[in-house]
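Student: I would like to see how this sequence folds:
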Amino acid sequence: MAAEIERIKSSASSKQLCELLERDGAVIVEDILNPDQLASLNSELDQFIGKVDPGLRNPTTEEMIDFYGLSTIRIDGLPAKSRTFLDAMLLPQLCETADHFLLPNCRDYLLNTGQLIQIGPGESSQQLHRDESAWEEQASLMPWPRPPLQIEAMFALTDFTAANGATQVVPGSHHWSWDRVALPEEITRAEMKAGSALLYMGAAIHGGGANETADQHRRGMFLGYVVGWLRTEENMFLTVPIESARSMPLRIQELLGYKAHGSIGVVDVGSPMALLNN
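Tutor: Below is the predicted model:
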């Protein structure tokens, strides 16, 4: 029998959500965005999507070019580009899940990255991977199984179908050894309606799907949290101008990195929050 992803309503308790994530490593939360939030996100991000070409603009390594896709548009710095994105950052389904899985392993967590990911027609499937592989060299020093480092969400801003690039997911793979490869029958697709989201653990195997359509652009919004003692994938201090951060709610400022993690991330040997008051 092919693998499946459990689906729950947005009204489900955080306890149920966390239990499913612990068991399967991934779960679809239906209608996590209300219609107004969905419309606002698409409207706010429409202002930027037409100004960006597909493909990786400034690759850090050559292998990242194919990994991120030649027909896929990616835009980061979303906290400064979309007011509604800030609301999404504070959704209880995300924050209570991050509290449950990450706070036992850190003083607080950080926004790891926020991206718009629009997969265009003709895009090939992405290499299956674990997001925690971003820190593979450092994390490999930790014993396995290790505590969760990351919790993720992929929001569907348009309908996700198997034809237009719905995310590939391997349920249960967050419990696997790091070198185990998924068999075809263990891979499923996160098909979901716009306004829903795939929540998954950073150790779960997944990847963007191939877009086999001629005219559909699969638009997703990626949002992830990571333990506060790891360097985030996205440099929030450069993608989110400090002038924008100054007017954001306190909790958003903390998640962007203006809250020191003990002695990590300090400025002038003190709290970086002081910079927001200048």
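
Student: just checking, next helix/strand downstream of the lowest-mean-pLDDT helix or strand in the chain?
Tutor: Averaged element by element with mean pLDDT, DSSP states H and E, the chain has its least confident helix or strand at helix 136-139 (a mean of 74). Per DSSP states H and E, the first helix or strand lying C-terminal to helix 136-139 is strand 150-156.

Student: so what secondary structure elements neighbour that following strand?
Tutor: helix 92-102, strand 197-201, strand 218-227 (3 or more C-beta pairs under 8 Å, 6 or more residues apart in numbering; DSSP states H and E). From N, CA and C alone the C-beta is placed, and that goes for glycine too.

Student: distance from that strand to the middle of the chain?
Tutor: Remark: strand 150-156 is offset 4 Å from the chain centroid, using C-alpha atoms, centre = their mean, to the nearest Å.

Student: do stretch 37-53 as well
Tutor: Relative to the chain's own centre, stretch 37-53 is displaced by 17 Å; criterion: C-alpha atoms, centre = their mean.

Student: repeat that for stretch 161-169.
Tutor: 16 Å.

Student: buried set for it?
Tutor: Thr161, Asn164, Gly165, Ala166, Thr167, Gln168, Val169 (16 or more other C-beta atoms under 10 Å).

Student: cool, and stretch 82-91?
Tutor: Result for stretch 82-91 [16+ other C-beta under 10 Å]: buried residues Ser82, Thr84, Phe85, Leu86, Asp87, Ala88, Met89, Leu91.

Student: repeat that for stretch 189-197.
Tutor: Arg189, Ala190, Glu191, Met192, Ala194, Gly195, Ser196, Ala197.

Student: what is the mean pLDDT for stretch 196-214?
Tutor: Mean pLDDT, stretch 196-214: 97.

Student: start and end of it, how far apart?
Tutor: In stretch 196-214, first residue to last residue: 24 Å (C-alpha to C-alpha, to the nearest Å).

Student: got the buried residues for it?
Tutor: For stretch 196-214, burial by neighbour count (16+ other C-beta under 10 Å) applies to 196-213.

Student: show me the contacts for Leu256.
Tutor: Leu256 makes contact with Pro79, Leu110, Leu111, Met236, Phe237, Val240, Ala245, Met248 under the criterion C-beta atoms under 8 Å, 6 or more residues apart in numbering.

Student: next SSE downstream of the top helix by length along the chain?
Tutor: For the chain, the longest helix by residue count, based on DSSP state H, is helix 35-49. Under the assignment DSSP H and E, the closest C-terminal helix or strand after helix 35-49 is helix 63-68.

Student: give me the distance between that following helix and the centre of its chain.
Tutor: Here helix 63-68 is found 18 Å from its chain centre; the criterion is C-alpha atoms, centre = their mean.

Student: tell me the mean pLDDT for it?
Tutor: Here the average pLDDT along helix 63-68 is 90.

Student: can you tell me what sits against it?
Tutor: With C-beta under 8 Å, 6+ apart, helix 63-68 has contacts from Gly55, Leu56, Pro59, Arg74, Gln126, Gln127, His129.
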